[in-house]
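Q: pasting the structure only:
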């Protein structure tokens, strides 16, 4: 068997400690882990794809075999182009699983050669999601246990100390 390569696609807006936890645990299992920042022009994102990729790059710098990419097409096309057969999805709860299962079935119908691997989130990151991080930050709450310092700094640069847009 060759090198075991897996893709971990997501919006990562912003990346959280939960994302870092999944990436770190997966990096211990797979030889190569491609973190793929999805570009979705339909979605109004807080950070640009480049900003998200930069934050992720900083977050995974110490993990061997992990690379960050930006992709604006179907994830199965990224998989084909990079000869990857596995897509990793992190799940927090049953509601996540239900949504992720539908996405997985869609991806498998687009490319039956791709397998989806679900990894449950570590219980201590169970309630962390990017939308909650944004909300807590905007209300001046403490997000230091939800995101790495690089993300907290990026949020402060974007919004100033008060959580309101800077400028």
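A: Arrived safely. Everything quoted here is computed from the prediction, not taken from an experiment. Residues are numbered from 1 along each chain as shown.
Q: List the buried residues for stretch 147-164?
A: 147-148, 150-152, 154-155, 158-159, 163 (16 or more other CB atoms under 10 Å). Where C-beta positions appear, they are placed from N, C-alpha and C, glycine not excepted.
Q: I would like the residues contacting it, please.
A: 14-17, 20, 46-47, 51, 55, 58-59, 133-134, 137-140, 143-144, 165-166 (CB atoms under 8 Å, 6 or more residues apart in numbering).
Q: so what does whatever helix or strand residue 90 lives in touch, helix or strand wise?
A: Secondary structure from DSSP states H and E places residue 90 in strand 86-91. Judged by 3 or more CB pairs under 8 Å, 6 or more residues apart in numbering; DSSP states H and E, strand 86-91 is in contact with strand 5-10, helix 17-27, helix 94-110, strand 115-120.
Q: what mean pLDDT does the longest one have?
A: The predicted model assigns helix 94-110 a mean pLDDT of 83.
Q: relative to strand 86-91, how tilted is that helix?
A: Here the directions of helix 94-110 and strand 86-91 differ by 160 degrees (axes from the mean of the first three to the mean of the last three CA atoms, to 10 degrees).
Q: what's the answer for the last one, then?
A: Interaxial angle, strand 115-120 versus strand 86-91 (the same axes, to 10 degrees): 30 degrees.
Q: Reformat the helices and strands packed on strand 86-91 as JSON lines; add distance to residue 65 and mean neighbour count.
A: Below are those laid out as JSON lines (distance: least, CB to CB, whole Å; neighbours: other CB atoms under 10 Å):
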{"stretch": "strand 5-10", "distance to residue 65": "9", "mean neighbour count": "22"}
{"stretch": "helix 17-27", "distance to residue 65": "6", "mean neighbour count": "20"}
{"stretch": "helix 94-110", "distance to residue 65": "23", "mean neighbour count": "13"}
{"stretch": "strand 115-120", "distance to residue 65": "16", "mean neighbour count": "14"}
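Q: so which of these gets nearest residue 78?
A: Taking CB to CB as the criterion, strand 5-10 is the member of the helices and strands packed on strand 86-91 that comes nearest to residue 78, at 6.5 Å.
Q: ok, now how distant is the closest residue in space to residue 75 that isn't next to it in sequence from residue 156?
A: Closest residue to residue 75 apart from its sequence neighbours, by CB to CB, 6 or more residues apart in numbering: residue 9 at 4.7 Å. Distance from residue 9 to residue 156, counting by CB to CB, to the nearest Å: 27 Å.
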